[in-house]
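Peer 1: Sharing a model that was predicted from the sequence below.
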Amino acid sequence: MRYLGTFSQDVSRFANTNVQYLFQGFSREGQYLMTFNASFAGNKLPSCGALEVHGYGVAPQPNGTTADQVRYERAVKAYFQQTAQILSEGGTAPEAQRPDQLVLSLQLN
């Protein structure tokens with residue numbers, strides 16, 4: 001299984017340099033679990049520089065009211081859906097083929 005993902009401990013916008021290509025699967029003979037992680041720059045997320053200018057925040061933090069919390073959660077959900085769509089499109093790009101080819105070329109002795 002291969003996928004593109006990002007990892008963060010807070011809710012903030014992801015820079016294109018935060019995206020990782022991750023592969024998890026078994027070796028050809030089925031004896032070994034293989035994992036492979038690599039930086040993946042073949043995506044259309046904003047650069048760190050662009051985020052520095054426009055901000056990393058997905059939405060203003062909620063002010064404690066229920067209505068504001070709902071607004072914040074909707075904004076975060078919409079951002080994650082948009083980002084997932086961008087990464088899904090990137091997963092089919094030719095750039096995604098390169099790490100696939102590297103993983104397929106691995107040989108265990």
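Peer 2: Structure's in. What do you need?
Peer 1: Leaving out sequence neighbours, find the closest residue to L106.
Peer 2: Ranked by C-beta to C-beta, 6 or more residues apart in numbering and with sequence neighbours excluded, the top spatial neighbour of L106 is M34, at 7.1 Å. Quick note: C-beta positions are derived from backbone N, CA and C, even for glycine.
Peer 1: In three-state terms, label that neighbour for me.
Peer 2: Under DSSP: H, G, I helix; E, B strand; the rest coil, M34 falls in the strand class.
Peer 1: need the contact list for it.
Peer 2: Taking C-beta atoms under 8 Å, 6 or more residues apart in numbering as the definition of contact, the neighbours of M34 are 23-27, 103, 106.
Peer 1: Could you find which two of the residues you listed are furthest from each other?
Peer 2: Q24 and L106 (13.1 Å; C-beta to C-beta).
Peer 1: just for the chain, where's the confidence low?
Peer 2: Judged against pLDDT under 70, the low-scoring parts of the chain cover residues 42-43, 90-93.
Peer 1: Tell me which stretches of it form strands.
Peer 2: Per DSSP state E, the chain carries strands over the ranges 2-5, 20-26, 33-39.
Peer 1: Of all those strands, which one is nearest A59?
Peer 2: With respect to A59, and counting by C-beta to C-beta, the nearest of the strands of the chain is strand 2-5 at 21.5 Å.
Peer 1: Walk me through which strands the closest one pairs with, and which way each runs.
Peer 2: strand 20-26 (antiparallel) (DSSP bridges).
Peer 1: Perfect, that will be all.
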